[in-house]
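Engineer: sequence below, structure please.
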Amino acid sequence: MILERIHRDDCARGCIFDGFPRTLRQAEVLEKALGEQGETIDRAIYLEVPDEELVKRLSGRRLCRTCQTPYHIIGSPSKTPGKCDRCGGVLYQRSDDREETVRGRLAVFCAQTAPVLDYYENQGKLVRINGDLGIQGVAREIVSALKAPTSP
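Structural biologist: Predicted coordinates:
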């Protein structure tokens with residue numbers, strides 16, 4: 001499915017996988033499949049953010065039940081607590097965003113996804129970006145990493 005998708009016209013100059021591969025096995029299978037078609041992963045970008053900051057960011061997210069407008073209790077709260085500024089709907093926290101769930105997801109990341117970082121780092125393809133730079137700073141660093149020449 002992924003190989004079929006990346007050969008569409010809109011991917012002619014490349015594409016970005018967001019959150020994939022998540023396991024070492026997926027990375028190896030992807031690399032093999034791409035290699036069979038004369039393609040490769042140019043670089044893997046990893047946004048480094050301390051676990052406690054991730055917990056704070058994710059567990060603070062809220063969504064409007066009616067229109068799905070996103071909020072954050074610290075970064076972008078609604079004007080009226082618990083109510084959507086747009087439609088007046090009730091704000092809720094997704095079960096995925098509860099602190100205990102976020103901490104569980106981080107544990108899974110450490111066990112399953114951290115080896116993927118080592119895999120790409122050993123190939124000289126891993127670019128680490130400080131995820132605490134703010135939205136514009138992180139975006140700037142990502143663009144810079146994508147524009148940088150790749151090693152042969």
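Engineer: domain-wise, how is this protein divided?
Structural biologist: Listed domain ranges for the chain are 1-41, 42-147 (source: automatic domain parsing).
Engineer: any idea which of these is most buried?
Structural biologist: Highest mean neighbour count among the domains of the chain (mean count of other Cβ atoms under 10 Å): domain 42-147, with a mean of 14. For every residue, glycine as well, the C-beta is placed using N, CA and C.
Engineer: how far does that one sit from its chain's centre?
Structural biologist: With Cα atoms, centre = their mean, to the nearest Å as the basis, domain 42-147 stands 7 Å off its chain's centre.
Engineer: again, but for stretch 15-22
Structural biologist: Taking the mean of its C-alpha atoms, stretch 15-22 sits 8 Å from the chain's own mean (Cα atoms, centre = their mean).
Engineer: identify all contacting residues around that stretch.
Structural biologist: If you take Cβ atoms under 8 Å, 6 or more residues apart in numbering as the criterion, stretch 15-22 is touched by 2, 5, 6, 26, 27, 29, 30, 112, 113, 116.
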